[in-house]
Every structure is written in C-alpha cells, then in structure tokens.
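**Q** let's see this in three dimensions:
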Amino acid sequence: SAATVARVLSEYGYNSAAFGKWHNTPPSDVKPGGPYDQYPTGLGFRYFYGFIAGETSQYEPRLFENVNPVEPPHDPDYHLTEDLAERAKTFIRNHLAYTPEDPFFLYFAPGAVHGPHHVFKEWADKYKGKFDQGWEALREETFKRQKELGWIPKDAELTPIDESMQRWDDIPEEQRAFQTRLMEVYAGFLEHTDAQYGKVVDELEAQGLLENTLIIYIHSDNGASAEGMNGTISELLAQNSMASTVEQQLDVLERDYGGLEAIGGPLLENMYHHGWAWAGDTPFKSTKLVAAHFGGTRTPCVIHWPRGIQADRKPRSQFHHVFDIVPTMPFQPRVSSTERGLGAWRCSVREAAWHRCHRFPRRAGSVVPTPGTAPIASFAARSRLSCRHDDHHTFPLGPPLADPAFLGLQFLRHRRDLFCRPSLDS
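**A** This next block holds a predicted model:
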C-alpha cells in the first residue's frame, strides 16, 4: 500500500530509471504476459534495464528492458556492470536532450559484487599475492588500519575467529593457491565495479550536474557473504546443500576448465571461502545471514551533495536504518504522497537526528532541486571497505531492508579513490 520513492517523485515531475538488480518481483510474475505491476515500471520507474532475480551471470545475464526480455550481445568482451554503467550514462544524456528542465531520479544496483564473482583476468591479476597471508592476518591488518584512520576506537578489541570457522593454518598447502585466487578475483571484481560507478559520476560531472546532485551510496544490504562455504567453483552447490569437497572441485577445475586461470571467467560461478567474508566484516563478528552480529548487518553509507551539504572528514556513528532515508530527504517539503492515492510517506521518529547528523537544511523549500537537477538513487557494490572520507559524509547503517543501492537525487556514491582497500562481500 505504500508508494515507492520512484512513484512519488514521478508524480512531481521527476524522470526516473532503474538499472541492474531487481529482486522484488515474485518469480511467478516473471513470464510472458506478466502481470507487470511488481516490475520496476509497475512501481513508478519510467524505465528499467537489468535483471529480475537475486543474481545473474556478468557475462551471459538474463536481462529485461522494461518488461521485455532481451539478450546480451554474444561478445567475449561483454560485462554486465560495464553495460549498466553505459546505459545509465545514456539515460542522463537523453534526459538532458529531451527534458533538461526536469529533475531525475536514478537507481543503480549493478548486482556486483554479488556472486558469482565474475571479472576479466587482468583485473584479478592486479591482486596476485595480496592475500597469501590468509584471512586471519588480513583481518588483523584491516583492524589496525581502521584504528589508524579513526574509524574505530583506539581501545577497541578484535573478536576472535568463531570455532565453527576454518582457520587458514588448517587449509592444506595444495589448496591455498585456490583459496587465494578466489579472493584475488573478488578484489578485482570490486575494483572493476568501483570503476563503473566512476563512469556514471564522471558523466554527471561532464554534464555540469555533479555539484547539485544528491548521491546516497549505501554500501551493501548486508555483511560480507559466507555463502561460498569452503570456497567453490559453483556457488549453487553450497547453497543447495549438494555435497562436494574442495578436492573434488579442484579435480573438476583442472580436468574440465584448465585450472585456476578459469576462476572468474564465464564457465564458472565461483565464490570465496567463508574466511574471506569474515575478514571482510572487520571489525565486526560473523557474516551475512547471521543477523545476531553486526558483521551480518552493518554497512557504511556515503552521502555527497556539494551544493547542499558542507563536507568534513568526520565519520558519523549514529545508528540509522535504511528506512530513515527517504522520509528525511531535503526535497520532501514539496512532496506529499498522501495526494492522488500514493500511499504512505511517513516521517521517521529519528528525523531530527538525521538532520543533525548531515546538516540537511530542515524542510526549507530552497533545497528542492532547481530545473535541470534531480535526485539520483543507486545501490552499489557490496563489500566492506575501509573508507577515506574526502568530501563525503559517512555513517553506519543498521540492518538494511533492501539490496545495495546507490540513491542519486540529481537536484549520486563514488570516487575511484573513495575506498582504500578491498575487503569482502558477495
């Protein structure tokens, strides 16, 4: 019964588009003839290009344009995340060409770095040898760096590895190259994804829109994922409880796919070991699917709006939830979703805390985007990274409700230098 932000903004003149992952449509509706009311275009977006599922291949994705299935090009150089970035750039250009006086809302959720971890070899090779120390040592290195950057208290203590998790010392020597390659591929996938976000932000800058575009980058919808279990070349084996040992998978990898060089390519659906996920959730305990600990649920948010927010380098530690965001956006004074049967648009009880945290102008009409500007929303790569603040506002979110997204109200997460080091998620 509640209206989506896209539905509400569309009623107030915003152009809108969603790109990437859409995991909100019942599987029974994903068929010729619909119904289409739970597709993005049935929930307020004027345009959609992406996949309607929890995940898909980056090389051979099952895509939809609006409600129509489309085939990706049969091109060895094709990668979905690159395709989505180019489509988002085209949307911005077309919007400026045809309706430059209108604001726009762009939701960008590329499905990376969710599994399967797919990226071209040259990106993964950049991280060769970077993780040979194993996940316990990586977690300690990350913890130390977080203290140096001021992200955690100087007197914080690191929780030990859970007794249910496998230690790096217990990994047989003949399997370690496999386990580190899985992490190298993940790290390359993460950097590649970050570069695609950079293309979208660079397009805003090239069009003169960046200064007055509100970017809300929610880093992920959960902690790093341990769904790869003990490391796998086919994540669905683990997720469907199909028993297979690492030794068996290595035999298949060598016999049928040519060995470690195939990891990250189109023939496999690889996911890293749960130990890498645990290291990626530093300083917190546990991983995705374990809601009892912040390692499963807590994730950063970055907000960027040069014209509306005075930047500083201070991390925000206030506890927020993803549903606090929309009701406290500064454009809300001119938007009332109770009109025209649009459903609920409720203000959060933590609205005052949000405004104090980010110094949004409180409900002032002057903060509504002027013609040619708008909100742009997008959910992004899912990972756990140490962050360099620069001109960004950052704070931890509580358990999010949605998949990672990058909300961009053009009135948009990223700079390639935003994150200092790769960590882990899927």
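
**Q** give me the pLDDT for the residue located most distally from the centre of the chain.
**A** Farthest-out residue of the chain from its mean C-alpha position, per C-alpha atoms, centre = their mean: residue 255, at 34.6 Å. On the pLDDT scale, residue 255 is placed at 97.

**Q** list the contacts of the one helix or strand it maps to.
**A** According to DSSP states H and E, residue 255 maps onto helix 246-257. With contacts defined as C-beta atoms under 8 Å, 6 or more residues apart in numbering, helix 246-257 is touched by 175, 178, 230-234, 237, 259-260, 262-263, 267-268. Backbone N, C-alpha and C define where each C-beta goes, glycine included.

**Q** coming back round to it: distance of the residue farthest from the centre of the chain from residue 229?
**A** According to C-beta to C-beta, to the nearest Å, residue 255 stands 22 Å off from residue 229.

**Q** where do the strands of the protein begin and end?
**A** Remark: strands assigned in the chain by DSSP state E are 15-21, 47-51, 63-65, 68-70, 104-109, 213-218, 230-232, 271-273, 299-304, 375-379, 393-397, 405-410.

**Q** what's the closest of those to residue 116?
**A** Of all those, strand 271-273 sits nearest to residue 116, with 6.6 Å by C-beta to C-beta.

**Q** which elements pack onto that closest one?
**A** helix 176-206, strand 230-232 (3 or more C-beta pairs under 8 Å, 6 or more residues apart in numbering; DSSP states H and E).

**Q** ok, the shortest one: who's next to it in the sheet?
**A** Put plainly, it is strand 230-232. Strand pairing for strand 230-232, determined by DSSP bridges: strand 271-273 (antiparallel).

**Q** avg pLDDT for the partner strand?
**A** On average, strand 271-273 scores 97.

**Q** residues contacting it, please?
**A** Residues contacting strand 271-273 (C-beta under 8 Å, 6+ apart): 115-117, 135, 166, 179, 182-183, 185-186, 225, 227-232, 235, 238, 424, 426.

**Q** where are the low-confidence patches of this protein?
**A** 1, 330-426 (pLDDT under 70).

**Q** all helices for it, in order.
**A** With helices called from DSSP state H, the chain shows them at 5-11, 80-98, 121-125, 135-148, 176-206, 235-239, 246-257, 274-280, 294-297, 351-358.

**Q** before we move on, back to that, show me what counts as buried in the helix holding residue 255.
**A** The neighbour-count check on helix 246-257 (16 or more other C-beta atoms under 10 Å) flags 246, 249, 250, 253 as buried.

**Q** could you dump the strands of the chain to JSON lines with distance to residue 279 and mean neighbour count?
**A** Compiled in JSON lines, the strands of the chain are given as follows (distance: least, C-beta to C-beta, whole Å; neighbours: other C-beta atoms under 10 Å):
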{"stretch": "strand 15-21", "distance to residue 279": "25", "mean neighbour count": "27"}
{"stretch": "strand 47-51", "distance to residue 279": "29", "mean neighbour count": "22"}
{"stretch": "strand 63-65", "distance to residue 279": "33", "mean neighbour count": "17"}
{"stretch": "strand 68-70", "distance to residue 279": "38", "mean neighbour count": "11"}
{"stretch": "strand 104-109", "distance to residue 279": "25", "mean neighbour count": "29"}
{"stretch": "strand 213-218", "distance to residue 279": "22", "mean neighbour count": "28"}
{"stretch": "strand 230-232", "distance to residue 279": "13", "mean neighbour count": "23"}
{"stretch": "strand 271-273", "distance to residue 279": "10", "mean neighbour count": "31"}
{"stretch": "strand 299-304", "distance to residue 279": "16", "mean neighbour count": "24"}
{"stretch": "strand 375-379", "distance to residue 279": "23", "mean neighbour count": "30"}
{"stretch": "strand 393-397", "distance to residue 279": "18", "mean neighbour count": "20"}
{"stretch": "strand 405-410", "distance to residue 279": "25", "mean neighbour count": "29"}
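
**Q** make a markdown table from those strands and add distance to residue 86 to it.
**A** Formatted as a markdown table, the strands of the chain follow (distance: least, C-beta to C-beta, whole Å):
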| stretch | distance to residue 86 |
| --- | --- |
| strand 15-21 | 10 |
| strand 47-51 | 10 |
| strand 63-65 | 13 |
| strand 68-70 | 14 |
| strand 104-109 | 12 |
| strand 213-218 | 19 |
| strand 230-232 | 31 |
| strand 271-273 | 27 |
| strand 299-304 | 22 |
| strand 375-379 | 15 |
| strand 393-397 | 28 |
| strand 405-410 | 16 |
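
**Q** if I look at the closest residue to residue 153 other than its chain neighbours, how far off is residue 285?
**A** What sits nearest to residue 153 in space, not counting adjacent residues and going by C-beta to C-beta, 6 or more residues apart in numbering, is residue 147, at 7.8 Å. As defined by C-beta to C-beta, residue 147 lies at a distance of 17 Å from residue 285.
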